[in-house]
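Asks: Sequence first, then the predicted structure, then my questions.
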Amino acid sequence: MFSVLSLFFAMQLGAASQEGHEKHNDAQHEMTPSTESTEHSTESHESEGFNPGTMIIEHVSDSHDWHLWGEGDHAVSIPLPVIIYTESKGVILFSSSNFHHGHASYEGFKLNHEGQIEWEDESNKEVLYDLSITKNVAAMFIGAILLILMVTSMAKHYAKNQGKAPKGFYNLLEPLVVFLSDDVIKPNIGPKANRFMPFLLTIFFFIFTLNLTGQIPFFPGGANVTGNIAVTMVLALFVFVTVTFSGNKYYWKHIFMPDVPVWMYIIIIPIEVLGVVLKPLVLMLRLFANITAGHIIILGFFSLIFIFGAMSPTLGYAVSPLSVAFTVFMSLLELLVAFLQAYVFTLLSAIYVGMAVEEHH
Amino acid sequence: MSLMNTLLQATDLAAAYSKMGAAIGAGLAAIGAGIGIGRIGGSAMESIARQPESLGDIRANMIVAAALVEGAVFFAIVVCLLILFL
C-alpha cells in the first residue's frame, strides 16, 4: 500500500516539475510587449507568466495534437491528422503540424484561439465539417483497442476452460462482470436481460476504461475523453435510442395514458414526455460534470504551486508538499469516482431499459 | 433616479458582478451537496446500526442515492462554470 502511494507521489511530482520548468521559460519569453500578453497579464490574478485558467482549460479540452511535454516553442507533441470536409474542396487530409501550434495557416484554414479549425479568411461563411482525429478521438481508439483485446481474450479463455476458475487478470474482471450482471442488470430488466447485456456491459467498461486512462498523467493516458460533453452526449443518445426502440406498449401507455384521474393528464403527460428526453440528458451531464470537475480540481491543486511560486520561489517550495499531498488524495478519490460514475451510468441505463420492457403485472 | 444611477453604474461592473454571482452559486451548490449527501449518509448509518446484516444492500443504495443527488448539484456547478467561461 505504501509503495503504491509513494509511486503515486513520484508520478505527480514528476508531472508537476515538468509544468514548472516550462512555465518559467515562458515567463522570460513573454517580456516583449504585445497585445496578447498584456491581455493575459490583466486577466491573470498574479504576476506575468503563469495563467492557471488557461492551463486548466487546455488540459481538459480537446486539441488537434497530443501534447507530451514542453511549452510554447519547445513543446513536444504528437501531431494528429486533420480531416476536413467542405463543399468546395471536398475531403482534405493533412497533419496538424502544418499549423505550427496556431502560428501558421495551411490551405486556407487556421487554428483559432480555442484550438478549433476555421477558415483563414474570416469572411468565408461556408460550412466546415471538422472530422479530424483529435486527441479525444485517438484516446477513444486506444481505449477501444484495449477493451477489444481484453474482452476477446477473456471470452476465448472462458470458452477453453469451461467450469474452471479463472486466474490472473480474468480473475480480476470476473467479479466485476458477475456483479454487474447479477446485481445491476438482471434485477432491473428481468427476464429479457440477456438481450441488453452486451450493450450495458460495453457501456460500463467503455466509460470505466476511459475514466481510468484519463487519470494517468502521461501518454497514452491523460486525455479527458469522458469529460467531453460530445462523447457523453453520444452515450446518452445510445441509451435513449435503445429505450425508445425497445419500449413495448405498456411503456408508451405509462407515458401517454397513465393510471391517474383524467384531469391530471394535463399535468402528468408533459412531465412524462419531458422525462423521456430529460433522463438521458441528465445521464450525459452527470458523467461530464463529475469527470471534468475532478480533473479541474486536481489541476487546480497543481496550479497552487506555481501561483505561489510566482510570488516567491520559497513560497512555491513550501506549498509543494501540501499541494502534492492534496493532489494525491484527490487522484485517489477520482479513481473511486471513475468506477462510481461508470456504475451509476450503467445502473440508470439498466433501470430505464427495464422500465421500457416491463410487462404488465 | 438614484436607482437608475445605481443600475447604470452596475453595468460597468457587470462582468465582475456576474463572476461574483457564479462564485456564490457554486458555494451554495456545495452546501446543497453537503446537506443532501450528509442526510443520506446519516440515515444509512442509522439503518445499518438497526440491522447490521443488511450492510451490503444499504451501502449500494446509499451510493446510488448519493450519485443522483450529486447529479443535481453538478447542474448548478455547470451553470456557474458557464458564467465564468462564456
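Replies: Sure, I can see it.
Asks: Could you check how far stretch B:30-37 is from the centre of its chain?
Replies: 6 Å (CA atoms, centre = their mean, to the nearest Å).
Asks: Are it and chain A in contact anywhere?
Replies: No: Stretch B:30-37 does not reach chain A (CB under 8 Å from any CB of the partner chain); its nearest approach is 11.1 Å. Bear in mind the C-beta positions are built from the backbone N, C-alpha and C, glycine included.
Asks: For chain B, what lies in contact range of chain A?
Replies: Counting by CB under 8 Å from any CB, chain B sits next to chain A at B:60, B:63, B:64, B:67, B:68, B:70, B:71, B:74, B:75, B:77, B:78, B:85.
Asks: and with 6 Å instead?
Replies: Residues of chain B lying close to chain A by CB under 6 Å from any CB of the partner chain are B:67, B:71, B:74, B:78.
Asks: Just flag the most distant two among those.
Replies: B:67 and B:78 (15.9 Å; CB to CB).
Asks: From the neighbour counts alone, determine which of those two ranks first.
Replies: Neighbours per residue (other CB atoms under 10 Å in any protein chain shown) separate residue B:67 from residue B:78, with residue B:67 holding more: 20 against 17.
Asks: That one touches residue A:344, doesn't it?
Replies: Yes: at 4.2 Å, residue B:67 and residue A:344 qualify as touching, with contact defined as CB atoms under 6 Å.
Asks: Can you name the residues of the stretch 151-300 of chain A sitting close to chain B?
Replies: Counting by CB under 6 Å from any CB, the stretch 151-300 of chain A sits next to chain B at A:282, A:286, A:289.
Asks: related to what we said a few turns ago, any idea which of the residues of chain B next to chain A is closest to residue A:245?
Replies: residue B:71 (25.0 Å).
Asks: Return the residues in contact with the closest one.
Replies: A:282, A:286 (CB atoms under 6 Å, 6 or more residues apart in numbering or on different chains).
Asks: List the contacts of stretch A:292-311.
Replies: A:16, A:23, A:46-47, A:50, A:52, A:56, A:59-60, A:224, A:227, A:315-316, A:319-320, A:323, A:326-327, A:330, A:334, A:337.
Asks: Quick check on these: which are buried?
Replies: A:16, A:23, A:50, A:52, A:56, A:59-60, A:224, A:227, A:316, A:319-320, A:323, A:326-327, A:330, A:334, A:337 (16 or more other CB atoms under 10 Å in any protein chain shown).
Asks: can you give me the strands in chain A?
Replies: Secondary structure of chain A (DSSP state E): strands located at A:65-69, A:76-79, A:81-86, A:90-95, A:109-111, A:117-119, A:128-130.
Asks: okay, now residue 86: neighbour count?
Replies: This is for chain A. Neighbours of residue A:86 using other CB under 10 Å come to 17.
Asks: oops, I was thinking of chain B
Replies: With other CB under 10 Å as criterion, residue B:86 counts 5.
Asks: ok, now residue A:237?
Replies: Counted with other CB under 10 Å, residue A:237 comes out at 14.
Asks: distance of the residue nearest to it when sequence neighbours are not counted from chain B?
Replies: Sequence neighbours aside, residue A:280 is the residue nearest to residue A:237 in space, at 6.9 Å (criterion: CB to CB, 6 or more residues apart in numbering or on different chains). Residue A:280 sits 12 Å away from chain B, going by CB to the nearest CB, to the nearest Å.
Asks: same thing with residue A:284?
Replies: 10 Å.
Asks: Could you tell me which residues make contact with that residue?
Replies: A:232, A:233, A:236.
Asks: ok, 10 Å please
Replies: Contacts for residue A:284 (CB atoms under 10 Å, 6 or more residues apart in numbering or on different chains) come out as A:229, A:230, A:231, A:232, A:233, A:234, A:235, A:236, A:237, A:239, A:240, A:345.
Asks: Which helix or which strand is home to the residue most central in space within chain B?
Replies: Nearest to the geometric centre of chain B sits residue B:29, at 2.1 Å (CA atoms, centre = their mean). Using DSSP states H and E, residue B:29 falls within helix B:14-50.
Asks: And that helix, what's buried?
Replies: Neighbour-count burial for helix B:14-50 [16+ other CB under 10 Å]: B:22, B:25, B:26, B:29, B:33, B:36, B:37, B:40, B:44, B:47, B:48.
Asks: Which neighbouring elements make contact with it?
Replies: If you count contacts as 3 or more CB pairs under 10 Å, 6 or more residues apart in numbering or on different chains; DSSP states H and E, helix B:14-50 packs onto helix B:2-12, helix B:55-85.
Asks: Quick one: those helices as a markdown table, columns for distance to residue A:106 too.
Replies: Below are these laid out as a markdown table (distance: least, CB to CB, whole Å):
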| stretch | distance to residue A:106 |
| --- | --- |
| helix B:2-12 | 42 |
| helix B:55-85 | 28 |
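Asks: can you pull the contacts of residue B:37?
Replies: B:62, B:65, B:66, B:67, B:69, B:70, B:73.
Asks: what residues are up against residue B:43?
Replies: So residue B:43 contacts B:58, B:62, B:65 (CB under 10 Å, 6+ apart).
Asks: What is the burial count for the first one?
Replies: Per other CB under 10 Å, the neighbour tally for residue B:58 reads 18.
Asks: Cool, thanks, signing off.
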